[in-house]
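>>> everything below, folded, please.
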Amino acid sequence: MEAPAGQSFAAVTRISDDGGPFEEIDRAEALAWLAHEYLRAFGPASVADLAWWSGATRREAAQALLHARTVERDGLLLLEEDVDAFEHIEPLEAERLDILPKWDSLTMGYAPDGRQRFIEDRYLSLAYTSVTGSRAPPAATACHSSSAVGAPSRRGPTGSRGTT
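Presented below is the predicted three-dimensional model:
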């Protein structure tokens with residue numbers, strides 16, 4: 001396989017830190033570990049979110065999440081160990097503006113059908129590639145008061161550089 005211009009591939013051997021081969025691990029066991037770590041980083045989240053992010057099927061994701069100690073919050077799963085911290089989160093300033101980089105975990109960590117939690121429907125097409133891959137995600141996403149509200153574009157509404 002030829003590497004794209006400016007990039008290269010290197011053959012690697014599967015070697016662990018101690019120089020030996022990696023220990024084989026059961027797929028279900030690995031997914032259970034991954035489900036816990038995913039919720040630790042992205043929770044609360046849904047089965048669909050984990051499946052989309054990990055590449056597992058929804059059935060595999062649901063099975064993996066059975067091994068995590070979770071509570072349900074508005075139809076989403078949160079690790080029991082994170083409940084106290086989650087309940088004491090301070091709301092963001094009402095007028096806060098954040099600029100998230102392309103591929104930020106906030107915008108990329110959740111399944112397409114769950115992104116309305118933080119991006120209004122009218123802005124979804126600005127923050128994500130279409131299913132067919134015909135449109136690249138923006139270089140950044142603008143979030144106002146924790147909700148995505150726009151993205152930089154080459155041409156603004158009047159043809160000048162700006163945001164949409």
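
>>> in this protein, which helix is the longest?
helix 27-42 (DSSP state H).

>>> how about residues contacting that one?
45, 49-50, 53-54, 56, 60-61, 63-65, 67-68, 70, 77-79, 82, 105, 109-110 (C-beta atoms under 8 Å, 6 or more residues apart in numbering). For the C-beta atoms, the positions are set from N, CA and C on the backbone; glycine is no exception.

>>> in strands only, show me those residues.
Those of the contacts of helix 27-42 mapping onto strands are 70, 77-79, per DSSP state E.

>>> check these against Leu97 and report the nearest one.
Among the ones in strands among the contacts of helix 27-42, Leu78 lies closest to Leu97 (C-beta to C-beta), at 27.3 Å.

>>> so which of the contacts of helix 27-42 sit within helices?
Those of those lying in helices (DSSP H): 49-50, 53-54, 60-61, 63-65, 105.

>>> so can I have TSV of those residues showing pLDDT and distance to Tyr38?
Supplementary listing: those in TSV, determined by pLDDT from 0 to 100; distance: C-beta to C-beta, whole Å:
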residue	pLDDT	distance to Tyr38
Asp49	93	8
Leu50	95	5
Trp53	90	6
Ser54	92	7
Glu60	96	13
Ala61	96	9
Gln63	97	14
Ala64	97	9
Leu65	97	9
Ser105	77	11
